[in-house]
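Student: have a look at this fold, sequence not included:
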């Protein structure tokens, strides 16, 4: 049930990135960045539950982290890094605005993944 949603999420993200890069439409890039932020903020709940239940030997929230948070957080992280690379390479403007959205997102995802993995 999660795999079709994950595949649809990745395909929609790739379409938004492709249109944003191909047609030089920065609005599409900002839109997909906003969606990535919303998804990562939603995943924070499961990461918080993993951190909260870290003292118990049966950390069922850890299963949720492995099967829900990581499958969404890792592709978002990879696509964000790819977007930074392509924006820098193609000199798409406003570069500062996109970087102001993407760099905190990458830092937030790395923190979220680190906390989740070390709390299991």
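Tutor: All right, it came through fine. If you're wondering where the values come from, they're calculated on a predicted model, not measured in any experiment.

Student: what's the neighbour count on residue 36?
Tutor: By other Cβ atoms under 10 Å, the residues close to residue 36 number 25. Backbone N, C-alpha and C define where each C-beta goes, glycine included.

Student: how about the one 3 residues further on?
Tutor: Residue 39 has 15 neighbours, counted by other Cβ under 10 Å.

Student: and it, how far from residue 72?
Tutor: In this structure, residue 39 and residue 72 are 6 Å apart, going by Cβ to Cβ, to the nearest Å.

Student: mutual contacts of the two, please.
Tutor: The contact sets of residue 39 and residue 72 overlap at residue 9 (Cβ atoms under 8 Å, 6 or more residues apart in numbering).

Student: which other residues reach the helix or strand harbouring residue 62?
Tutor: Counting by DSSP states H and E, the element that carries residue 62 is helix 60-64. Helix 60-64 has contacts (Cβ under 8 Å, 6+ apart) with 46, 49, 50, 52, 53, 119, 120.

Student: grab the nearest non-local neighbour of residue 84.
Tutor: Among residues not flanking residue 84 along the chain, residue 102 sits closest, at 5.5 Å (Cβ to Cβ, 6 or more residues apart in numbering).

Student: let me see the contact set for the one you found.
Tutor: 33, 80, 83, 84.

Student: so which of those are in helices?
Tutor: The helices, defined by DSSP state H, take in 33, 80, 83, 84 from the contacts of residue 102.

Student: now, the most widely separated pair of these?
Tutor: Greatest spatial distance among the ones in helices among the contacts of residue 102 (Cβ to Cβ): 33 and 84, at 10.8 Å.
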